[in-house]
Each structure stands twice: as structure tokens, then as C-alpha cells.
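Undergrad: Following is a predicted model, sequence given first.
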Amino acid sequence: MPTLSNRLQRFRQSSPLSFRLLAWILLFSSVFSLVASAIQIYSDYREDLHQIEYHLEVVESGYGSSLSKSLWSLDGALLRTQMEGILSLPDIVQLRLRQPDSEVVMGELSQGAKTRSHRFELTHESDRSIKLGELTVTADLTRLYDDLERKVWVILATQFLKTFFVSILVIWIFRYLVTRHLSHMANYTQNFSLSNLSRPLELDRPNTSANQRDELGQVTDAINQMRERLNEDLQRQERDAAEIRKFSKVIEQSPSSVLICDRQWRIEFANHKFTQLTGYAPETIVGKHPGNLDPSAFNSRENQQLWQSIRLQVQRVGVWQGEVNSARKNGERFWEQLIVTPIKDNAGDTSGYLILGEDISIRKRYEQQLLRQANYDVLTGLPNRMLALDRLKLALAQAHREASMVGVMFLDLDNFKHINDTLGHDAGDNLLVEAARRISSCLRGTSTVARLGGDEFLVILPGLPEKESADQVAERILQTFIPPYVLSGQEVFVTTSIGIATFPEDSNNSGTLLQHADAAMYQAKSKGKSAYAHFTPEMTEVSQDRLQMESRLRRALELKELELNFQPIVHTDSGNLCAVEALLRWRNPAMGLVMPDRFIPLAEDTGLIIPIGEWVLEQACQAAVRWKAVTGRDIGISVNVSPRQFRDPGFPDAVMRTLADCGLAPALLELEVTERLILDNSIETAEILRRLDRAGVRLSVDDFGTGYSALSYLKSYPFDTLKIDKSFVQDVMKEPEDASLVKAIINMAHSLGLRVIAEGVEEEAQTHFLKQEGCDFSQGYFYSRPLPHQKFEEWLESNERVQA
Ligand SMILES: Nc1nc2c(ncn2[C@@H]2O[C@H](COP(=O)(O)O[C@H]3[C@@H](O)[C@H](n4cnc5c(=O)[nH]c(N)nc54)O[C@@H]3COP(=O)(O)O)[C@@H](O)[C@H]2O)c(=O)[nH]1
């Protein structure tokens, strides 16, 4: 059986607040009851005391005169009777009568008893007052104190019991209404964890509106609201965490290298691709500046300038992108395309920087290879026409600034064609290489020697002190040609003819200077070869020919001298017809059949290309509509478009009008543009290409590989197709370099989402190679030469029959 103290102990532990409340109520009500009872007892005591004192005084007033009389009359018996009567009064325990000669004491006083006495004189009143004696009446207070003690105990006991039971009642009510709910809340909050957030706090009481409004209801509400908020926060956190995990994975698995830097450009994070690309483990580079990873570039001015400009551009423009030659941990260098952007926080302030990198080494290598291909002559290694023209322009600009002279020499080997025909192409090639070496040996470092094509060379002599200085160079070159060449085991004598034009005397335009040097070279040849000649104005007769050709070309349209030839473009894998290229021809009564290479540049220079181009477009579209009628199927038509046509603002409208007039679907028309147009890089060109693309017209890059061949430009324009120049295709079976170049172009084009046409396919072996490399389409004499429309329609009919 649990004892009371055990119960109390348990109660104290299970309900400390109730216990404390009980203790306090008991304490306060006890103290209060005690004080109240004490006052009550004291007042009762005073009243009883007063009653005793009153009884003592009553003895004086009630018995004084009769006692005096008994004394006067010396009636002792009466006196005694009277005194016994007094002693019978309550609480009066002793009478002491003192007379002058005697003392009478009646009644007993118990030992140590508390008493109260009253003394009065007994007198006889006649004409004077005679004192007979003195009576002392003593009352015993013991009863009074006994009563007092009993009362105290009774009051204490009743007050305690009352207080105790009232407290118990109050506590029970308080516990029922409050503390058990508080304990429940305490237990709930103690057990509150993220795993049971969905269980609300509910109190064991009716859910009335009064209960909802009271403090317990408010606290319960507050706890439940807190729980719901926590729940929502947790769900949001889980969602955020999942998002963060997803993005972290994306960044970690990104095919691009990713570096995240803080505001001071200190690396905070590097992804797996970065480590794979550079060899740096993230923990070894955290805290470092991304520009300081390469120890060889560390502190170099170039590197500091690069990162300074990156920082400035990111601050001003919000993004920096460019190609950077970086180093791996093992020192190996590689090219990467970097994009640097700031990371903004919610307030829009920069909290760090994101650096995305892509390894473009392979692309760069191909670009450099293509660039080399585009700028240098493969056979001799000399700059080609394009680079030579650039250098000439630079030399002219510099000479213009320095007021100096530039000599331009045009060289042609006198008997090259004969040697090529008799000794073969290899001998011809060896001759060209040796000639290039000999010409180069006669020049200073600042001069340029270039191969323009065939057996034509160009020499640029910048900073000439006088016109005649070029003569010395020309003579040295003629001298160096004197020793015989050993070709195919034979000694061969080869001479060269040199034409010289000088800036600024002969012209300040690079093209004109070339033409003049060319004219002078013909002059030198006509002098009997192995000679040189300076340009003179009389030599411009050649230009007269050009003028004559121009006036004929102006009338060519009107006189219906232009005609289109059509050459099929086929699916490489099946050989089936896919589209047709329209190729322009000019049949002039005086000049015969003139090929476009001869008159298109002139048409471009004079602007005649605009009406001619519109005519070509119209004829080509009409032809495609006709073929549909003949074959019953859609055959696309490719039309060559010169950069000059593109620069004409009316060009896109002219294309759309022609398509509408002919009733040809835009998707069946493909416009072929050269890389020269891309190099234009003007906003207008880009906009025209995009307008045509939006209209559904297909766009292709023609002669790819002969120009700048920057693959990065291809990304910026909406091209569908890329045409590999025939010069590469024709040698794929002979030159491994051309074969790898063609493979690279096909792969690159496919990776950029472009389809590829190989042009100039002449042999079956080439078709196998192209098929193997996944080239989409092919075009060339192997399938068909360009044919006049009549002949082409016959070809088409027989081809359709074969396919059917
Ligand atoms: N602006 C315009 N330019 C035009 C137009 N028509 C033609 N041209 C451009 O003139 C360049 C020379 O054209 P062409 O002499 O007609 O030569 C084309 C084909 O005949 C030739 N070809 C085709 N297959 C072979 C082959 O197997 N071997 C070989 N040696 N030559 C072949 O290639 C030329 C193909 O031209 P393209 O596909 O455009 O490169 C030429 O650059 C034309 O662009 C015109 O209307 N407007």
C-alpha cells in the first residue's frame, strides 16, 4: 500500500504545477486562517477576561454595603455567609478580608495559578466615613486559559481540514481544467519530431468555441500553426534540397567544365569535367584564382591582361566569352571556349562567378588546318591568293602612312604548261616547289611571295625606297632561275616573266595594282620571256576587253543569251535524285559559251548580278515546278547566290515573290552562299539569312573549305547544308590529308546539325568513300555533268524510269 508521502511524491512528480499550487494555497490559507483565528481567539479571550473583571467589580457593588453592615454590626455569621455566597460566584476562588486587627481568608489558591484580584474598602457611612476593613477578591483565570487553549486547537484543526479539502478541490479542478492539458502539451512537444509532423496537438476536452478561445486553445492553435509552418518549411526544404541535388548532379555531370568562384574570384567549386580536362583535383585549386592555375602563365602580363579584361567585361556587359589557350596540370596546352558570367543573389548583387569551359582543341586544330588550307598553298607552303591580297592591303596601308612605295610583282613560269604535259603532274609539282624556293631566296624577310594558282606567283615588296629597287629584285629572281631544274631525272631550263606595278605611282588600289602587274607580266612575256616589265598606262588595253565584256553582259539578259544548266544532286547511299543545282551559262555570239567563273565576278563588280540573279531564280523555280508536273514528285532546286545579291535589301522580297509567282514551296528552294558571305558578318546579312530561314527557304554554304572555314561562324547562322568544295573531294582517294579533312568536315557538320553535300564526285571510288563516311548527298560528273534544260529533262525521265 503506498503511503501518503509516496502518493505525495508521485503527485509532485506527475503534476509539479498542481503540487506547487497546493503547497502555496495551503501555506497562504493556513497563514490567513491562523491570523484570522488568532484575532478571533484573542478577542474571545479579552471578552472572557473582561467578564471576570466585571464579576469582580460586581462583588464590590453587589456585596460591598451588606458586608460593611455585617462588619459594623459585628455579625460574624452573616459575614461568613455573605463571603461564602461571594465564593460561589464563578471563577472567584479566594476572599481576603483585612481588618485593622485581624485578617480573614476564605477559599484556596492553587499553586502557580494565574489570577486576577480586586480590592475595595468596606466602610460605615454615618456623619463621617469610618473604614471597617479591606476585601480582596481573587478570581482564578485557569478556566479562561483552558478554554483558550481548547479553542486554539479546535480552530487550528478545523481551519487546516477546511483549507486542505478546499485546496484539494481547487487543485483537482485546476488539474482537470489546466495542468493535465499542459502536461499533454509538454508530452506532445517533447515527442514532437520531424517524423510525426502530420499529427496535430489535440486536447482531451470538448472542442467548443469557448475552449478554442481560452488560453489553452490559443496555445494549442499556436503549436498547431507552428507545426503546419514547420511541415510546409520542411516540404519546401525537401523540394529545395531535391532541386539542389538535381542541379548539383547536372553541374557535376555537365559535359562542360564548370568552375564556381566567389566574389574575389577564388575558386569554390570545380566539377568532374574540369578535373578530367585539366587534371586538377578540386581540393588542390579551391581558393585559387582561375587565372593562376597555369604556373607558366602565372604573373605573365598577357595572362593578367586577359583576366583584367574578363573582369571588366563581366562587370560591364554581364558576360565574357572567348577562346583561351589553357594548360593542363601536366603542362600540356589545349584550347578551351570559356563563358564567364556573374552569379547574382536575390538582391541582384554579384555573389560569385560561373566559368563554363569547353575543350575546343579538336575544332581548333581543324580550324587551323582549314585556315592553313584556306590561306596557304598546299603544294609550296606559300601564302595563297587570299592571304597575299590581305598582306598587300596591309602593306599598302602601311606605305600610305609612311609615304613609302610598294612593289607588286606578278610572275608566271614561261614553259610550265609544256613541262606539265610532257613530264607529268609530279614533275610539274616539283617544278613549282623548286620555283617557289628560288623566288623566296631572293627576298628580304619583310617581303611576301605567294602562289596565286597554277604557275602564277605574286611578290609583294613593301617599303621600296624607289621604283627601280624592284628591278634589282626582279633581276635576282631571273638570275636564280638560270640554273637548270632536275625533273624526273632530266635537266630542264625554266624561265619566268615578271610584271611590276608600283604603289602609289600605278594605283593605290590592291586589285588594280594586281591587274596592272598582270598586264605588265604579259608585256614581259611578249618581250621574249625571262624578262621583267614595269606597268605603263598603255597596257590597260586589257582593261578595254573587260569593258567590252561588261557592255555585252549588260545586253545578255535582253538578248536572251543567258541559259541555265542543271546538275543533279543525289543521295550518296542510294544514288537516287534528291535535288538539282542550277548553273548559269552565257552563250555570246562573239565569245561563244562563257563559263560563270569568267563573267560572274564582272557581274558582281558592276551590280549586273542583281537582275541576272533574279532571272536565274525565276528560271530555276519554274524548272522545279515543271519537273514536279513531269515526275509527280518534289525535286528541290539549288541556286547560287553572290554576296552582292545578299547585300541588296530587296533580295528576300524578290525570293518570296518569285516563289509565290511560280507556286513553288519555299522548302524546295535551296540558296547556296559562299563563305565570303559569312565572313561579311554584318547584321544585315544575318538578318536576311534569318528572314529566309523563317520563310522556310533552305540555306547552304557553298565551296566549304576554300574560304575562312571558321566553324564557329556556322553556329551563328541558320544553315541547313554544307557543300564540301570539289578540290577536297577530288583528291580523297589520293591525298590522305584531304581524306581526313573531308571526314572531319562531315563529322563537324553533322555535330552542328548540318547535312553535307560532296561536290566534284567524278569516280566511283569517291562515292564509296563518301558513303562510308556518312556524307548525305553527292554531286559531280560521276552522276551527270551540268546539262541544258532539254537534255536534263531527258536525263530526268530516264533516271525516273530507272528509279521506278
Ligand atoms: N552567283 C552565281 N554564281 C553561279 C551561278 N551559276 C554558277 N555560279 C558559280 O560559278 C562557279 C562555277 O560554276 P560552273 O562552272 O558551272 O561549275 C560548277 C560545276 O560545273 C562544277 N562541277 C560539278 N561537278 C563537277 C565535277 O565532278 N568535277 C568538276 N571539275 N567540276 C564539277 O562545279 C561547279 C559547281 O558549283 P558550286 O556547286 O556552286 O560550287 C561556281 O562556283 C558557281 O557557284 C549563278 O547562277 N549565280
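TA: Nice, thanks for sending it over.
Undergrad: Every contact and neighbour count from this point should use C-alpha atoms.
TA: Noted.
Undergrad: State the number of residues packed around the closest residue to the ligand within the stretch 251-400 of the chain.
TA: Here the stretch 251-400 of the chain gets closest to the ligand at one residue, Ala374, 15.6 Å apart by CA to the nearest ligand atom. Other residues lying near Ala374 total 22 when counted by other CA atoms under 10 Å.
Undergrad: packing partners for the helix or strand where it lies?
TA: Element membership for Ala374 (DSSP states H and E) is helix 361-375. If you count contacts as 3 or more CA pairs under 8 Å, 6 or more residues apart in numbering; DSSP states H and E, helix 361-375 packs onto strand 333-344, helix 385-402.
Undergrad: can you list those in JSON lines and add mean neighbour count?
TA: As requested, the helices and strands packed on helix 361-375 are arranged in JSON lines below (neighbours: other CA atoms under 10 Å):
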{"stretch": "strand 333-344", "mean neighbour count": "18"}
{"stretch": "helix 385-402", "mean neighbour count": "18"}
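Undergrad: In JSON lines: these, plus distance to Ala450 and mean pLDDT.
TA: Converted to JSON lines, the helices and strands packed on helix 361-375 look like this (distance: least, CA to CA, whole Å; pLDDT from 0 to 100):
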{"stretch": "strand 333-344", "distance to Ala450": "30", "mean pLDDT": "94"}
{"stretch": "helix 385-402", "distance to Ala450": "6", "mean pLDDT": "92"}
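Undergrad: want to throw those into JSON lines with distance to Arg180?
TA: Output for the helices and strands packed on helix 361-375, formatted as JSON lines (distance: least, CA to CA, whole Å):
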{"stretch": "strand 333-344", "distance to Arg180": "53"}
{"stretch": "helix 385-402", "distance to Arg180": "96"}
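Undergrad: Pro601: which of the ones you listed is closest?
TA: helix 385-402 (15.3 Å; CA to CA).
Undergrad: related to what we said a few turns ago, correct me, but the residue of the stretch 251-400 of the chain closest to the ligand touches Gly705?
TA: Yes. With contact defined as CA atoms under 8 Å, Ala374 counts as touching Gly705 (6.7 Å).
Undergrad: re the thing from before, between the helices and strands packed on helix 361-375, which gets nearest to Gln772?
TA: Comparing the helices and strands packed on helix 361-375 against Gln772 with CA to CA, the closest turns out to be strand 333-344 (30.0 Å).
Undergrad: Which neighbouring elements make contact with the closest one?
TA: By 3+ CA pairs under 8 Å, 6+ apart, strand 333-344 packs against helix 301-316, strand 320-327, strand 350-359, helix 361-375.
Undergrad: Would you single out the least confident of the ones you listed?
TA: Of all the helices and strands packed on strand 333-344, helix 361-375 carries the lowest average pLDDT, namely a mean of 84.
Undergrad: packing partners for the helix or strand harbouring Trp615?
TA: Using DSSP H and E, the element containing Trp615 is helix 609-631. Other helices and strands packing on helix 609-631, by 3+ CA pairs under 8 Å, 6+ apart, are strand 562-571, strand 577-588, strand 636-640, helix 643-647, helix 651-662, helix 789-803.
Undergrad: burial measure for Pro788, as a count.
TA: By the criterion of other CA under 10 Å, Pro788 has 17 neighbours.
Undergrad: So the closest residue to it other than its chain neighbours versus Gln237, what's the distance?
TA: Leaving out its chain neighbours, the residue that sits closest to Pro788 by CA to CA, 6 or more residues apart in numbering is Asn565, at 4.4 Å. Asn565 sits 70 Å away from Gln237, going by CA to CA, to the nearest Å.
Undergrad: Looking at the helices and strands packed on strand 333-344, which is nearest to Val170?
TA: strand 350-359 (62.8 Å).
Undergrad: buried sites along that closest one?
TA: By neighbour count on 16 or more other CA atoms under 10 Å, the buried set for strand 350-359 is Gly352, Tyr353, Leu354, Ile355, Leu356, Gly357, Glu358, Asp359.
Undergrad: Please render those as a markdown table that adds distance to the ligand to the earlier fields.
TA: Formatted as a markdown table, the buried residues of strand 350-359 follow (distance: CA to the nearest ligand atom, whole Å):
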| residue | distance to the ligand |
| --- | --- |
| Gly352 | 50 |
| Tyr353 | 46 |
| Leu354 | 44 |
| Ile355 | 41 |
| Leu356 | 38 |
| Gly357 | 36 |
| Glu358 | 33 |
| Asp359 | 32 |
